[in-house]
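1. Mind looking at a prediction? Sequence and model below.
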Amino acid sequence: MTTPTVETRPADRIARLLTEILSPAVLVAGVLIAVAWHATASALTALIWGVIAAAAASFLPIAYILHGVRRGAWTDRHVGVRAQRTLPLLVCLGSTASGTLALFAAGAPRDLLALIACMAAALVVATPITLIARWKISIHSLVAAGTAVTLTVVFGPWLALTWPPAAAVGWSRVRLGDHTTAQVIAGAVVGVIATGLLYPQLR
(Lines give C-alpha, C1' and ligand atoms only; values in the text may rest on other atoms or scores of the structure.)
Protein backbone atom coordinates (compact mmCIF):
# COMPACT_ATOMS: atom_id res chain seq x y z
CA MET A 1 0.00 0.00 0.00
CA THR A 2 1.30 3.44 -0.91
CA THR A 3 2.04 5.84 1.95
CA PRO A 4 -0.06 9.01 1.63
CA THR A 5 1.83 12.13 0.65
CA VAL A 6 1.84 15.16 2.91
CA GLU A 7 -0.89 16.79 0.86
CA THR A 8 -3.28 13.82 1.17
CA ARG A 9 -2.93 13.00 4.84
CA PRO A 10 -6.08 13.96 6.79
CA ALA A 11 -4.04 15.50 9.63
CA ASP A 12 -2.26 17.81 7.21
CA ARG A 13 -5.52 18.87 5.57
CA ILE A 14 -6.94 19.68 9.01
CA ALA A 15 -3.79 21.61 9.90
CA ARG A 16 -4.01 23.64 6.69
CA LEU A 17 -7.68 24.38 7.32
CA LEU A 18 -6.97 25.58 10.86
CA THR A 19 -4.09 27.74 9.64
CA GLU A 20 -6.34 29.44 7.08
CA ILE A 21 -9.67 29.89 8.88
CA LEU A 22 -8.03 30.89 12.18
CA SER A 23 -5.33 33.05 10.62
CA PRO A 24 -4.17 36.20 12.46
CA ALA A 25 -6.03 38.53 10.09
CA VAL A 26 -9.32 36.71 10.68
CA LEU A 27 -8.96 36.46 14.46
CA VAL A 28 -7.75 40.04 14.94
CA ALA A 29 -10.68 41.48 12.99
CA GLY A 30 -13.16 39.18 14.72
CA VAL A 31 -12.05 39.87 18.28
CA LEU A 32 -11.86 43.65 17.74
CA ILE A 33 -15.39 43.75 16.35
CA ALA A 34 -16.64 41.49 19.16
CA VAL A 35 -15.12 43.71 21.84
CA ALA A 36 -16.48 46.86 20.15
CA TRP A 37 -19.94 45.27 20.18
CA HIS A 38 -19.59 44.42 23.87
CA ALA A 39 -18.33 47.88 24.80
CA THR A 40 -20.89 49.95 22.86
CA ALA A 41 -24.65 50.24 23.37
CA SER A 42 -25.45 50.99 19.72
CA ALA A 43 -24.90 48.25 17.12
CA LEU A 44 -24.11 50.83 14.45
CA THR A 45 -21.58 52.60 16.65
CA ALA A 46 -20.03 49.26 17.57
CA LEU A 47 -19.71 48.37 13.91
CA ILE A 48 -18.04 51.68 13.09
CA TRP A 49 -15.53 51.41 15.95
CA GLY A 50 -14.90 47.75 15.23
CA VAL A 51 -14.30 48.26 11.52
CA ILE A 52 -11.93 51.18 12.16
CA ALA A 53 -9.91 49.09 14.61
CA ALA A 54 -9.97 46.04 12.33
CA ALA A 55 -8.87 48.14 9.36
CA ALA A 56 -5.78 49.30 11.25
CA ALA A 57 -4.80 45.98 12.81
CA SER A 58 -6.03 43.50 10.18
CA PHE A 59 -7.43 44.73 6.85
CA LEU A 60 -4.64 47.13 5.88
CA PRO A 61 -1.75 44.86 6.93
CA ILE A 62 -3.17 41.80 5.16
CA ALA A 63 -3.91 43.88 2.05
CA TYR A 64 -0.27 44.98 2.04
CA ILE A 65 0.90 41.38 2.47
CA LEU A 66 -1.34 40.07 -0.32
CA HIS A 67 -0.10 42.83 -2.61
CA GLY A 68 3.45 41.77 -1.82
CA VAL A 69 2.64 38.14 -2.61
CA ARG A 70 1.23 39.17 -6.00
CA ARG A 71 4.41 41.13 -6.72
CA GLY A 72 6.56 38.19 -5.66
CA ALA A 73 8.08 40.02 -2.69
CA TRP A 74 7.28 37.08 -0.40
CA THR A 75 6.26 33.51 -0.95
CA ASP A 76 2.84 33.33 0.70
CA ARG A 77 0.29 35.32 2.69
CA HIS A 78 1.58 33.86 5.96
CA VAL A 79 5.11 35.04 5.08
CA GLY A 80 6.59 31.70 6.03
CA VAL A 81 10.18 32.67 5.19
CA ARG A 82 11.69 34.47 8.18
CA ALA A 83 13.98 36.61 6.03
CA GLN A 84 10.93 38.04 4.23
CA ARG A 85 9.15 39.15 7.41
CA THR A 86 10.84 42.50 7.99
CA LEU A 87 8.51 44.78 6.04
CA PRO A 88 5.27 42.87 6.81
CA LEU A 89 5.96 42.95 10.55
CA LEU A 90 6.93 46.62 10.52
CA VAL A 91 3.80 47.48 8.51
CA CYS A 92 1.63 45.50 10.93
CA LEU A 93 3.24 47.22 13.91
CA GLY A 94 3.02 50.69 12.37
CA SER A 95 -0.58 50.27 11.24
CA THR A 96 -1.72 48.85 14.60
CA ALA A 97 0.09 51.57 16.57
CA SER A 98 -1.38 54.25 14.30
CA GLY A 99 -4.83 52.75 14.78
CA THR A 100 -4.35 52.85 18.54
CA LEU A 101 -3.51 56.55 18.42
CA ALA A 102 -6.39 57.31 16.05
CA LEU A 103 -8.90 55.48 18.25
CA PHE A 104 -7.59 57.27 21.32
CA ALA A 105 -7.92 60.65 19.62
CA ALA A 106 -11.44 59.82 18.47
CA GLY A 107 -12.62 58.73 21.91
CA ALA A 108 -13.08 55.02 21.24
CA PRO A 109 -14.49 52.79 24.01
CA ARG A 110 -11.85 51.99 26.60
CA ASP A 111 -12.14 48.21 26.19
CA LEU A 112 -11.50 48.44 22.46
CA LEU A 113 -8.70 50.95 22.83
CA ALA A 114 -7.02 48.77 25.46
CA LEU A 115 -7.23 45.72 23.22
CA ILE A 116 -5.67 47.28 20.13
CA ALA A 117 -2.98 48.82 22.35
CA CYS A 118 -2.22 45.33 23.67
CA MET A 119 -1.98 44.06 20.11
CA ALA A 120 0.55 46.77 19.34
CA ALA A 121 2.47 45.89 22.51
CA ALA A 122 2.58 42.21 21.52
CA LEU A 123 4.00 43.19 18.13
CA VAL A 124 6.60 45.38 19.84
CA VAL A 125 7.82 42.21 21.54
CA ALA A 126 7.44 39.81 18.59
CA THR A 127 9.00 42.04 15.93
CA PRO A 128 12.53 42.34 17.37
CA ILE A 129 12.52 38.65 18.27
CA THR A 130 12.00 37.88 14.59
CA LEU A 131 14.11 40.63 13.05
CA ILE A 132 16.99 40.99 15.51
CA ALA A 133 17.18 37.64 17.26
CA ARG A 134 16.43 35.96 13.88
CA TRP A 135 13.95 33.55 15.45
CA LYS A 136 10.59 33.05 13.75
CA ILE A 137 8.13 33.38 16.63
CA SER A 138 4.65 32.18 15.65
CA ILE A 139 2.27 35.08 15.02
CA HIS A 140 -0.54 32.57 14.42
CA SER A 141 -0.05 31.18 17.92
CA LEU A 142 0.36 34.64 19.46
CA VAL A 143 -2.91 35.89 18.00
CA ALA A 144 -4.86 32.68 18.64
CA ALA A 145 -3.84 32.54 22.30
CA GLY A 146 -4.42 36.27 22.75
CA THR A 147 -7.86 36.03 21.17
CA ALA A 148 -8.91 33.14 23.42
CA VAL A 149 -7.77 34.96 26.55
CA THR A 150 -9.39 38.23 25.47
CA LEU A 151 -12.74 36.57 24.85
CA THR A 152 -12.55 34.91 28.27
CA VAL A 153 -11.68 38.19 30.01
CA VAL A 154 -14.44 40.15 28.25
CA PHE A 155 -17.28 37.63 27.99
CA GLY A 156 -16.66 35.33 30.94
CA PRO A 157 -15.16 31.96 31.83
CA TRP A 158 -17.38 29.96 29.47
CA LEU A 159 -15.29 31.37 26.63
CA ALA A 160 -12.45 29.20 27.92
CA LEU A 161 -13.97 26.87 25.33
CA THR A 162 -11.94 28.88 22.80
CA TRP A 163 -8.64 27.75 24.33
CA PRO A 164 -8.56 24.28 22.70
CA PRO A 165 -8.98 25.79 19.19
CA ALA A 166 -6.14 28.20 20.01
CA ALA A 167 -3.96 25.25 20.98
CA ALA A 168 -5.01 23.51 17.76
CA VAL A 169 -3.73 26.48 15.77
CA GLY A 170 -0.35 26.05 17.42
CA TRP A 171 -0.41 22.35 16.59
CA SER A 172 -1.23 23.16 12.96
CA ARG A 173 1.81 25.40 12.60
CA VAL A 174 4.11 22.67 13.86
CA ARG A 175 2.35 19.99 11.82
CA LEU A 176 2.81 21.97 8.60
CA GLY A 177 6.48 22.53 9.38
CA ASP A 178 6.13 26.32 9.50
CA HIS A 179 7.28 26.59 13.12
CA THR A 180 8.97 24.61 15.84
CA THR A 181 7.17 23.74 19.06
CA ALA A 182 9.29 26.32 20.89
CA GLN A 183 8.31 29.07 18.43
CA VAL A 184 4.63 28.23 18.88
CA ILE A 185 4.90 28.21 22.67
CA ALA A 186 6.78 31.52 22.64
CA GLY A 187 4.08 33.10 20.49
CA ALA A 188 1.36 31.83 22.82
CA VAL A 189 3.19 33.19 25.87
CA VAL A 190 3.46 36.67 24.34
CA GLY A 191 -0.23 36.61 23.40
CA VAL A 192 -1.33 35.43 26.84
CA ILE A 193 0.79 38.01 28.66
CA ALA A 194 -0.49 40.85 26.47
CA THR A 195 -4.16 39.95 26.92
CA GLY A 196 -4.16 38.11 30.22
CA LEU A 197 -1.98 40.50 32.21
CA LEU A 198 -1.75 43.82 30.33
CA TYR A 199 -5.27 44.01 28.92
CA PRO A 200 -7.11 43.74 32.28
CA GLN A 201 -4.92 46.56 33.60
CA LEU A 202 -5.71 48.87 30.68
CA ARG A 203 -9.40 48.24 30.08
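-> Arrived safely, thanks for sending.
2. C-alpha only now, for contacts and for neighbours.
-> Fine.
3. pLDDT weak spots in this protein?
-> 1-8 (pLDDT under 70).
4. The same query, at a cut-off of 50, please.
-> 1-6 (pLDDT under 50).
5. Helices along that one, start to end?
-> 10-21, 24-39, 43-54, 60-71, 86-106, 110-131, 139-155, 163-175, 181-192, 199-202 (DSSP state H).
6. ok, Arg134 to Thr150 distance?
-> As judged by Cα to Cα, to the nearest Å, Arg134 and Thr150 stand 28 Å apart.
7. again with Thr40
-> From Thr40 to Thr150 the distance is 17 Å (Cα to Cα).
8. So between these two, which is more surrounded?
-> A side-by-side neighbour count of Thr40 and Thr150, using other Cα atoms under 10 Å, places Thr150 first with 25 against 19.
9. now the more buried one, nearest residue through space, not along the chain?
-> Leaving out its chain neighbours, the residue that sits closest to Thr150 by Cα to Cα, 6 or more residues apart in numbering is Thr195, at 5.7 Å.
10. swap in Ala126?
-> That would be Ile137: by Cα to Cα, 6+ apart, it lies 6.8 Å from Ala126.
11. now Arg134
-> Arg82 is the one closest to Arg134 (Cα to Cα, 6+ apart), at 7.6 Å.
12. Can you get me a residue count around that neighbour?
-> For Arg82, using other Cα under 10 Å, the count is 15.
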